[in-house]
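Asker: Attaching a predicted model along with its sequence, questions to come.
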Amino acid sequence: MWPSLRSGDVAGVEPLAEAPRPGEVVLARFAHALVVHRVRRCDGETCVLLGDNVLAEDPPLPRARVLGRVSLVRRGDEVLAPGRWDRGPLRRGRWRLVVKRWLAALLGRRRA
């Protein structure tokens, strides 16, 4: 979720009272891990999430596996309000991803 969330940030999550709206940052349980991603779209039964600065959407996820909405972030000793941490995807981050994948291909590494 860089640049919104950085390494070492601690996210506070509140339970969902209603279905998450597109653009909100949520905590979801995938088969392999807990993930914090942005809601792309959500109907009554499934949600599609997308990490900031990632090119492909996550596969549809049952709404029951969306655990909560990120409401605040603690960075170091400071608690950040939503307007201070939720920056959304940046063009620079997309380029960073493209260069990272290009270098991995050049070095003969495959994406895991």
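Answerer: Received the coordinates, thanks.

Asker: Identify the residues contacting residue 85.
Answerer: Shown in contact with residue 85 (C-beta atoms under 8 Å, 6 or more residues apart in numbering): 4-5, 9, 72-73, 75. All C-beta spots, glycine's among them, are computed from the backbone N, C-alpha and C.

Asker: so what's residue 48 up against?
Answerer: Applying C-beta under 8 Å, 6+ apart to residue 48 gives the contacts 39-42, 57-61.

Asker: Now the buried members of these.
Answerer: Among those, the ones that count as buried by 16 or more other C-beta atoms under 10 Å are 39, 42, 58, 61.

Asker: can you confirm residue 100 is in a helix?
Answerer: Yes - applying DSSP: H, G, I helix; E, B strand; the rest coil, one finds residue 100 inside a helix.

Asker: count of neighbours near it?
Answerer: Residues near residue 100, counting by other C-beta atoms under 10 Å, number 11.

Asker: Now do stretch 95-112: distance to the chain's middle.
Answerer: Computed by C-alpha atoms, centre = their mean, to the nearest Å, the chain-centroid distance of stretch 95-112 equals 20 Å.

Asker: now the strands: where do they sit in this structure?
Answerer: 10-14, 25-29, 34-42, 46-50, 61-62, 66-75, 78-80 (DSSP state E).

Asker: got the angle between the second one and strand 34-42?
Answerer: Angle, strand 25-29 to strand 34-42, by axes from the mean of the first three to the mean of the last three C-alpha atoms, to 10 degrees: 120 degrees.

Asker: Only C-alpha atoms, please: export strand 25-29 in PDB.
Answerer: The C-alpha trace of strand 25-29 is given here as PDB (Å, rounded to 0.1, in the frame of the first residue of the first chain):
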ATOM      1  CA  VAL A  25      -8.800   1.000   2.600                       C
ATOM      2  CA  VAL A  26      -9.700  -2.300   4.300                       C
ATOM      3  CA  LEU A  27      -8.100  -5.200   6.000                       C
ATOM      4  CA  ALA A  28      -9.000  -8.600   4.300                       C
ATOM      5  CA  ARG A  29      -8.200 -12.200   5.000                       C
END
